[in-house]
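Chemist: have a look at this prediction, sequence included:
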Amino acid sequence: MRFLKIYYIAFATLALFTISSAVADEVVVAFTDQNFDKVVGQDRDALIEFYAPWCGHCKKLAPEFEKLGSSFKKSESVLIGKVDCDEQKETCNKFGVSGYPTIQWFPKGSLEPKTYEGTHTAEALVDFVNSEGGANVKIAAVPSSVVVLNSDNFDGIVLDKTKDVLVEFYASWCGHCKSLAPIYEKVASAFNKEEDVVIANIDADIHKDIGEKYGVSGFPTLKFFPKGKKAEEEYYGGRDLHELMTFINERRATSQDGRGQLTSKADVVATLDNLVKEFASAGNDEKIAAFAHLQEEVMKLEGPDSRYGRIYLKSAKSFMDKGADYAKNEIQQLDRVLAKSTGAVEVDEFTLKKNILSAFA
């Protein structure tokens, strides 16, 4: 019984830590039916947006709510959150949500909300939260990863043959452009650490000459300018994060998710994967020759592939030294490490190694 009690306390502490980490990492915290009551109505005031992903008014509110969240990110007394009512029906029904967006204020220690009836601007929302929570927070300038283009810098950035560039041609008055803005910002953030990728936009209503040059007739228009010849390709896909990330990953032969982290398909060298399968299935007498063949192919690699090749070789050497269970045991260990890792660089490094080891398993 004592062990079970200790286990329960440890599990509850871990769950609370996980929730607290999410709260600390996001400017607008996404709540679920499982964690809403564990955070909201506890030791902080909270302003919560109840929304639906398909709702046009919710999409227009999104960038304003992000500004609000950024403004109160460092606040220890106020929490800014959101609930997807398409997915979290229990919570939305509990608080009588019947239209979108619905914004409710939950005072500290209470799950009896007050509905916000004001305008949907960051300024008005900040004023409301300050008034209800007794705060004095100013609107924060949200740093952007989107490169702003104009007639002076367009050619120098977009036509740079060493970079892949996605350009959004927009107009400031365009409702669809405003809805796309927070999603486009997430795409830019995901590729922010990649030196050869630029996610940019240009107000083609102001810079009409640029818009006309590239045949822009509606807003928003997205065009991809790949490395090399710079023959642009217009984007006709959906305007959600997944489809935009998929489009860029396919053009770049990369695999990154919406947080900018590597996926299970990332940075695997197909030619080496085939050689590894031969190596792993070879008998003891044939393994040395198979390893030599793998080493020979790795020596031919250039750029990032050469780095990945060295990981393949190191894994193959460990496979020979430690036996056939090496890859499986190492993957299990990496899974445990990944579950605890929070740094983006750490996660990418471990994911990369795991992806390569999978070829040996």
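Modeler: Cool, the structure landed.

Chemist: just the strands in the protein please.
Modeler: Under the criterion DSSP state E, the chain contains strands at 29-31, 45-51, 78-84, 102-106, 114-115, 147-148, 164-170, 197-203, 221-225, 233-234.

Chemist: dump these to CSV, plus mean neighbour count and distance to residue 191.
Modeler: Yep, even glycine has a C-beta here, placed from its N, CA and C like the rest. Listed next are these as CSV, based on neighbours: other CB atoms under 10 Å; distance: least, CB to CB, whole Å:
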stretch, mean neighbour count, distance to residue 191
strand 29-31, 20, 22
strand 45-51, 25, 26
strand 78-84, 23, 24
strand 102-106, 21, 32
strand 114-115, 12, 39
strand 147-148, 14, 11
strand 164-170, 24, 9
strand 197-203, 22, 4
strand 221-225, 19, 12
strand 233-234, 12, 17
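
Chemist: nearest to residue 137, of those?
Modeler: Taking CB to CB as the criterion, residue 137 comes closest to strand 78-84 out of the strands of the chain, the separation being 7.8 Å.

Chemist: where in the stretch 101-250 of the chain is pLDDT low?
Modeler: Low-confidence segments of the stretch 101-250 of the chain, defined by pLDDT under 70, are located at 142.

Chemist: circling back: can I get the strands of the chain in CSV with distance to residue 278?
Modeler: Shown next, in CSV, are those (distance: least, CB to CB, whole Å):
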stretch, distance to residue 278
strand 29-31, 45
strand 45-51, 52
strand 78-84, 47
strand 102-106, 59
strand 114-115, 65
strand 147-148, 45
strand 164-170, 34
strand 197-203, 34
strand 221-225, 37
strand 233-234, 37
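
Chemist: residue 68 is nearest to which of these?
Modeler: Comparison of the strands of the chain against residue 68 by CB to CB identifies strand 78-84 as nearest, at 5.6 Å.

Chemist: mind giving me the packing neighbours of that closest one?
Modeler: strand 29-31, helix 36-39, strand 45-51, helix 56-71, helix 122-133 (3 or more CB pairs under 8 Å, 6 or more residues apart in numbering; DSSP states H and E).

Chemist: now do the second one: which elements does it pack against?
Modeler: Using 3+ CB pairs under 8 Å, 6+ apart, the elements in contact with helix 36-39 are helix 2-25, strand 78-84.

Chemist: all good on my end, thank you.
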